[in-house]
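# the following block contains a protein sequence and its predicted model.
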Amino acid sequence: MPRHPRVHLDRIPLHIVQRGHHREPCFFGEEDYFTYLHWLGEALKETSCSLHAYALMSNHVHLLLTPKRAAAVPKLIISLGRRYVQYINRQYRRTGTLWESRYKSSLIEAKTYLLTGMRYIELNPVRAAMVDDPAHYRWTSYRANALGQVSPLLIPHPVYLALGATDNVRRVAYRRLFRPPLDDETLSAIRLALNQSQPLGNKRFHAKIERMTGQRREARPRGRPRLYSV
């Protein structure tokens with residue numbers, strides 16, 4: 001089956017997943033997570049992308065960001081990947097690639113799916129049975145978005161800001177969103193959209209993307225597609 005072309009558009013949120021080569025680890029020690037976040041911050045500044053949520057898992061990374069310019073997204077991934085791989089190869093005296101050659105991405109309709117995408121990303125450690133509460137995992141944006149931990153990486157999206165008039169009210173409302181788990185239908189829709197590099201949103205959003213790109217943009221199951229579990 002041919003690959004679906006990735007689509008990045010100016011000022012439309014994007015969910016990005018990058019996995020370790022052959023699903024092998026891309027983080028080996030605590031310092032690696034700190035180093036990745038440092039270079040992520042540098043890449044965000046260089047490319048004028050706004051990060052809203054992230055999760056660093058042992059063998060893959062989730063980012064939810066809004067690019068000011070669509071062309072900045074590949075530049076961010078390349079810059080971040082190059083610097084981090086150089087660090088890992090030097091730190092662990094290894095050679096070769098660290099990441100899968102092709103990252104996955106899905107445009108997100110902000111009004112209906114941005115907060116869902118943030119929950120999906122920040123609940124990764126819970127779904128992976130690493131913790132039973134997202135607050136207990138250090139390497140996601142949950143502590144910043146839900147508990148107020150300072151993070152220089154994050155820029156709140158207007159949809160998140162609309163949760164309340166003050167920081168405290170917003171955080172309480174955001175934490176409330178995490179009480180019910182994401183249902184299977186939502187999980188499947190997110191995974192399918194990522195797997196096929198398709199937008200996640202309602203029919204109007206899909207029609208808008210089709211008008212902007214001149215291509216049909218809708219995730220559709222084909223046989224039994226491989227869907228990653230987190």
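Everything's here; your move. Numbering: from 1, shown residues only.
# would you mind measuring the gap between the ends of stretch 10-24?
32 Å (CA to CA, to the nearest Å).
# mind listing what the residue most central in space within the chain touches?
Against the mean C-alpha coordinate of the chain, by CA atoms, centre = their mean, the closest residue is Leu63 at 2.5 Å. Leu63 makes contact with His15, Ile16, Val17, Gln18, Leu40, Leu51, Ala53, Tyr54, according to CB atoms under 8 Å, 6 or more residues apart in numbering. Any C-beta I mention is one placed from the backbone N, CA and C, and that applies to glycine too.
# so in terms of bridging, what pairs with the first one?
Beta bridges link His15 to Leu64, Ser106, judged by DSSP bridges.
# got it, and the last one?
When bridges are assigned using DSSP bridges, the partners listed for Tyr54 are Leu63.
# next, the buried residues of the strand or helix carrying Tyr84.
For Tyr84, the host element (DSSP states H and E) is helix 72-92. The neighbour-count check on helix 72-92 (16 or more other CB atoms under 10 Å) flags Ala72, Val73, Leu76, Ile77, Ser79, Leu80, Gly81, Arg83, Tyr84, Val85, Tyr87, Ile88 as buried.
# so which one among those has the lowest pLDDT?
Among the buried residues of helix 72-92, Gly81 has the lowest pLDDT, at 93.
# quick one: that residue and Thr97 touch, right?
No: counting by CB atoms under 8 Å, Gly81 stays clear of Thr97, with 9.4 Å between them.
# list residues touching both of those two?
By CB under 8 Å, 6+ apart, no residue touches both Gly81 and Thr97.
# ok so, going back, the helix holding Tyr84 - contacts with which helices or strands?
On a contact count with 3 or more CB pairs under 8 Å, 6 or more residues apart in numbering; DSSP states H and E, helix 72-92 meets strand 14-19, helix 30-47, strand 49-56, strand 60-67.
# if we use 10 Å, what do you get?
Counting contacts by 3 or more CB pairs under 10 Å, 6 or more residues apart in numbering; DSSP states H and E, helix 72-92 is packed against strand 14-19, helix 30-47, strand 49-56, strand 60-67, strand 104-107.
# tell me the buried residues in the next helix or strand after the last one?
What that stands for is strand 104-107. Following strand 104-107 in sequence order, the next helix or strand is helix 110-122 (DSSP H and E). By neighbour count on 16+ other CB under 10 Å, the buried set for helix 110-122 is Ala110, Tyr113, Leu114, Leu115, Thr116, Gly117, Met118, Arg119, Tyr120, Ile121, Glu122.
# using TSV, please lay out these together with pLDDT and distance to Arg170.
What follows is the buried residues of helix 110-122, written out as TSV (pLDDT from 0 to 100; distance: CB to CB, whole Å):
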residue	pLDDT	distance to Arg170
Ala110	97	16
Tyr113	97	18
Leu114	98	14
Leu115	98	11
Thr116	98	17
Gly117	98	17
Met118	98	12
Arg119	98	15
Tyr120	98	19
Ile121	98	18
Glu122	98	15
